[in-house]
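J.: Sequence first, then the predicted structure, then my questions.
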Amino acid sequence: MTAPAAGLRIALYQPDIAQNAGTILRLCACLGAEAHIIEPAGFPTTDRAFRRAGMDYLEHVALTRHVSWEAFERWRRSAGLRLVLFTTQASRSYLDHAFGPRDILLFGRESAGVPAAVHAAAEARVTIPMRPGLRSLNVAMAVAMAAGEAMRQRRGASD
């Protein structure tokens, strides 16, 4: 299937809010982006559980579940993908990052972000600039902003 976001890959590190994950999976389905969930999540991530939560877009998303960070990393490295971590701890704006066809955009847990080992594994760390004193955006909003910028930069590019 050819889609506007062909080649776009979104990964969620141990998501802990089912509604946010459902919103992100719906976004991925609508844009034609791959979705990756790195377990363990803070909720059941079975097809049945997502459908029960009203995630009727599940059949339209290319979803891969990874049983652990280590399993995800083995898969990512074998696929030759560059890990781009979205984090409030970065100083570089995502608007200044050049997104490429081999990127996988990683977003951390809503409650805790990602551990130091995940930060260390990322080839690029970027942030969404916010007003001082505010903690973070909703992860589903951050994914939508990131996907939009990556698509804007890559429009017309062949994978």
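T.: That came in fine, so what should we check first? Here the structure is a predicted model, which is why all the values come from computation and not from measurement. Residues are numbered from 1 along each chain as shown.
J.: Would you mind listing where this protein has pLDDT under the threshold?
T.: 1-6, 47-55, 156-159 (pLDDT under 70).
J.: what about the helices in it?
T.: For the chain, the helices defined by DSSP state H occupy 18-31, 47-52, 69-79, 116-121, 139-154.
J.: Most tightly packed of these?
T.: Burial of the helices of the chain is given as mean neighbour count (mean count of other C-beta atoms under 10 Å); helix 18-31 ranks first at a mean of 20. To be clear about C-beta, it is placed using only N, CA and C from the backbone, and glycine gets the same treatment.
J.: Go ahead and produce PDB holding the CA coordinates of that helix.
T.: Provided in PDB are the C-alpha atoms of helix 18-31 (Å, rounded to 0.1, in the frame of the first residue of the first chain):
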ATOM      1  CA  ALA A  18      -3.800   2.800  26.700                       C
ATOM      2  CA  GLN A  19      -5.700   5.700  25.300                       C
ATOM      3  CA  ASN A  20      -2.600   7.500  24.100                       C
ATOM      4  CA  ALA A  21      -1.300   4.300  22.500                       C
ATOM      5  CA  GLY A  22      -4.700   3.900  20.800                       C
ATOM      6  CA  THR A  23      -4.600   7.400  19.500                       C
ATOM      7  CA  ILE A  24      -1.000   6.900  18.100                       C
ATOM      8  CA  LEU A  25      -2.000   3.600  16.500                       C
ATOM      9  CA  ARG A  26      -4.900   5.300  14.800                       C
ATOM     10  CA  LEU A  27      -2.600   8.100  13.600                       C
ATOM     11  CA  CYS A  28      -0.200   5.400  12.200                       C
ATOM     12  CA  ALA A  29      -3.100   3.600  10.500                       C
ATOM     13  CA  CYS A  30      -4.400   6.900   8.900                       C
ATOM     14  CA  LEU A  31      -0.900   7.900   7.700                       C
END
